[in-house]
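Undergrad: Requesting a structural model of the entry that follows:
(2 chains)
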Amino acid sequence: MKRTKQFLSSPLVIVSGAMIVVLVVLAVIAPAVWGAAANTENPMFLLRKPSAEHWFGTDQLGRDIFARTMVATRLSLVTALICTAVSAVLGIVVGAVPVVFGKRAQRWTSSIINVWLAFPVILLAMLTVIALGTGAAATTIALTITMTPTFARLAQTLSATVAGADYMAAARMFGVSGRRQVFYYILPEVAEPFVANVTQSIGGAILAMSSLSFLGLGVQPPVYDWGRLINEGFSQVYVSPMAAVGPGIAIVFAGLAFSLFGEGISNQIRRAYKPLPSAMSKRELDNPPKMLDKTNMDLVVEAAAERTEQHRAEVERLRAEDPQAAVVTVPRPAPVLSVRGLTISFPEGKRWNTPVKGISFDIEAGEIVGLVGESGSGKSLTMMSVADLAAPGSYVAADSIRFEGTDIVGMLPKDKRKLLSGIGVVFQDSLTALNPSMRVGRQLAEVLECQNGTPHREAMERAVEALEHVGIDPTQHAERKFPHELSGGMRQRAMIAMAEINHPKLIIADEPTTALDVTVQKQVLALLRNECARNRQAAVIVSHDIAVLGEICSRIMVMYHGAIVEIFDTALLRTPEKLKHPYTRALVSSIPTLETDKSRPLVTIDDELVSQQSANLADDDAPAASAKTIADATGAADAAAETAAVKEER
Amino acid sequence: MSESSSTASGVTTTRRTHRRMNPWVNFVVRRLVRTVVALWVIVTVAFVVLRFSGGDPVRNALGVTASPELVAQRRATLGLDKPLPIQYAQYIAGLFHGDLGISIISGRSVSEIVATRLPWTVALAVLAFLVILVFSIPIGMAMAVHTQGDRHRGSELVFTGITGFFGNIPDYLVAVILVAVLAVNLKLFPVAGANSPASFVLPVAALSLSSICSLSRIARIQTFHTLNDDYVRTARGKRLSPMRIYWRHVMPNMVSTIMVLAGNTLAQIMTGTVLIEQVFNWPGMGTAFTNAITSRDYGIVQGLALVYGFLVLLITFLVDVVVALLERRSTMLETA
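TA: Residues are numbered from 1 along each chain as shown, chains lettered A, B, ... in the order given. So this is what the prediction gives:
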């Protein structure tokens, strides 16, 4: 069976399985092999220490303790198995069956299980033993009583999830009988996790059973199990510790075998629903893919040239207006953020999954740039990696990521943290992104406290000011509230205030308006734009909504399947036919306007058509740049900027 | 300071929306009912056990050699000569006056035994509990941070190996091994009794070892969940120092989970002391309890079982209430 094969692929399952086999074999053969030695009293060898002949020594009647430990395997194992099995079955009956009898039955059993579970375990076992008298049977019953509610609760939770599933509702509608529901619908679904848990509990049962016997409440002489042996051995712990520790080893061995086996199985079950863990060596992990050859430097150079041209035109316009300005040099703004060949990969089994494929771009000081793409195009991942906030498990490689001229690639975490405090981040969902157990004011103030060492009181005052700046009515005292006490719009405003509070040079906003309704969206966007203008900050707004970006950005970068396919001036949105990449064209023409014909369905993007067309485009264009040409192209972009400066000075 | 202001905000929210008050009261009342019912079941079970455990408990306890007069007299003091319903009523009424019954053998009041022995047991349990918390939660959190995102597979394996192994050794066995090695062989600590502060070391260690292992495992998994929460990324985005992130952002959001775990642990070690006290001959309730069981003094057994049951139920109830208070997002109230 495929499933069995999967379980056997885990070393944990194999090792613990082998341990269980050893136990079972011992339980079967031990009484025959060691039975005589275990019961032979030898007055010559009373209370002996361990020796080659008697590995664990001898007891007060001269019997070999090792032999007794081996023989006790059968009773210890059988009692544990019986009470686990019986309580598992009872647990299913109490826990899972009421599901088919409707809500009322479920509520009743649920409260019975609750009271039952509230009982202290050892106490319950002891009282049962007192009521029934000591002995193997009484202990087994006592343990069964204490274990049943745990299984019942487990069966209940598991089957409640199944009962809530749509196919169960369908089955009920089709009139499937209650019995059939239990046997064909509920049990198969809950079986695997239940079995894993039951196996683990056998270990627990062995330990619990031995505790009772150790206290002298379990099996009584002349019968003995491991706990009883420890109880007897403990009296001679001064003379020969092995008399108590020896049987203890057996208990630990058995407990470990079953609980590891159960754990191994449940790990495998969980793994079946998870992506493959990385199976790469450390050396392979240290060298994630770089994909520098696929980078979009041509677009960056082009955009830089365009900006230079615009800048030159602007300088010229100023000069025409006022010839005196000629003596004033207006330097072309240097990029505040400059990314070259950013590649982000995740290890999956033996292979790399690379959702961001060697992209490059520049963000100039003071400009608002949009990064647009469909979900899964890698846009959020890109910006989060730039801000050093990528999810653990992602591997980032880049030729360079320069923030304010300093390359953060390979920087020490501490220095990186200091440098990147110049980037403020606005996250997507303000409800989950703000700490639910901390007041909003504190969350703002701690930015100043940690980044600048501002004293607490002053930081709080600045936090209150910052909240007022983003348009939150100060009489509402948002700073004293917890995030969930604010409305969605207010939270997002507070989030923007938090990102802005220490006047960063660059704001990264990851889908800042997605979680908001349309009217609030507008206000938040206007707020972002005004704040950036006021503080002369650059911003990158990540969004899947090109219409939103068109409203506040000066340039838009388009990401498609992990690559930047186009960088264009927002003005071009009005003339989509001038756009180069088929995906951008399709994207822009899919924006509905007031003139859009409402009788026809909205335009959608045909992925296949786009990739076909972009393949054609790539063929027409020059072959993709190599790693070397990146450096050249970077030089070209810088050179273009320099020429502009030179021209100004002339 | 933050504590008082948090309750103040709680009051204002409940005052504004009166309906939000109800689920909370409802929750506490339901938990209280559950606790009282469980307590009543324990009381009744203890009562029934004393009356119906095979044969005459008084004769069993006093032994065959005891004179019939003594047996009859003890029966009368225990009230066993009256009809069952009256016995039950008197027993319940006695409980409300703090009368936990008397020893069948010595005739001593159980309340007296509890008064002298309970402090020792509680001291042991609370000390072990503190040791468990102090070790397991930082270890679990540190391991979570260390092995986050499948890093450091080696240390993860070592961690799960060690905790898996020691978590599976029963407490009493740890106690036996500790006694054998540290007390008998190396003579570092007293073997038994509670005569010096050093006497606490071994029992506390034995009580806490396996719990430290299992709890630090759970703490690690819980920390993983919390580390994946969005606000932790926000905190990193604010370029806070890692320590500040862990203590001010991760830790407070784990408090309720940790409280539940800690509460369960405290309840568990409260009864776990029974075994450990037996090993170290500790002057607590556990030793008296086991001795009473072996000598069939069901008067003591009944009284002490009630005390244990009451302690465990009280802890569970308090933890439930505290967690409900901490849980500001009322999600758990709806599901509970």
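
Undergrad: quick one, strands of the chain?
TA: Defaulting to chain A. A:335-348, A:351-364, A:368-372, A:395-397, A:400-403, A:406-407, A:423-426, A:506-510, A:538-543, A:555-560, A:563-569 (DSSP state E).

Undergrad: Contacts (any at all) between chain B and the fourth one?
TA: No: Strand A:395-397 stays clear of chain B (CB under 8 Å from any CB of the partner chain), getting no nearer than 10.1 Å. (Glycine included, C-beta is placed from N, CA and C.)

Undergrad: which secondary structure elements does that strand contact?
TA: strand A:335-348 (3 or more CB pairs under 8 Å, 6 or more residues apart in numbering or on different chains; DSSP states H and E).

Undergrad: quick one: buried residues of the strand it packs on?
TA: A:335-347 (16 or more other CB atoms under 10 Å in any protein chain shown).

Undergrad: Same question for stretch A:423-437.
TA: Quick answer for stretch A:423-437 (16+ other CB under 10 Å): A:423-430, A:432-435, A:437.

Undergrad: any weak-confidence spans in the stretch 301-450 of chain A?
TA: A:324-331 (pLDDT under 70).

Undergrad: got a list of what the spatially closest residue to residue A:357 that is not a sequence neighbour touches?
TA: Nearest non-adjacent residue to residue A:357, counting by CB to CB, 6 or more residues apart in numbering or on different chains: residue A:562, 4.3 Å away. Counting by CB atoms under 8 Å, 6 or more residues apart in numbering or on different chains, residue A:562 makes contact with A:354-357, A:359, A:377-378.

Undergrad: Buried members of those residues into PyMOL, please.
TA: PyMOL command restricting the contacts of residue A:562 to the buried ones, with burial defined by 16+ other CB under 10 Å:
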select buried, chain A and resi 354+355+356+357+359+377+378
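
Undergrad: For chain B, state which of the contacts of residue A:562 is nearest.
TA: residue A:355 (16.0 Å; CB to the nearest CB).

Undergrad: Hmm, that closest one is touching residue A:380, no?
TA: No: Residue A:355 lies out of contact with residue A:380 (CB atoms under 8 Å); the separation is 10.3 Å.

Undergrad: In the contacts of residue A:562, find the pair that's most separated.
TA: Greatest spatial distance in these: A:354 and A:377, 12.9 Å, computed using CB to CB.

Undergrad: Show the low-confidence segments of chain B, by residue range.
TA: B:1-22, B:50, B:52-57, B:60-61, B:149-150, B:327-336.

Undergrad: Kindly list the longest helix within it.
TA: helix B:110-146 (DSSP state H).

Undergrad: What are the buried residues along it?
TA: B:110-111, B:113-114, B:117, B:120-121, B:123-125, B:127-129, B:131-133, B:135-137, B:139-145.

Undergrad: Specify the local secondary structure of the residue of the stretch 151-300 of chain B found nearest chain A.
TA: At 3.4 Å from chain A, residue B:180 is the closest residue in the stretch 151-300 of chain B, using CB to the nearest CB. Using DSSP: H, G, I helix; E, B strand; the rest coil, the structure places residue B:180 in helix.

Undergrad: Which residue is the nearest non-sequential neighbour of it?
TA: In space, residue B:180 is closest to residue A:241, 3.4 Å off (CB to CB, 6+ apart).

Undergrad: Is that neighbour in contact with residue B:184, as I believe?
TA: Yes: with contact defined as CB under 8 Å, residue A:241 reaches residue B:184; the gap is 6.6 Å.
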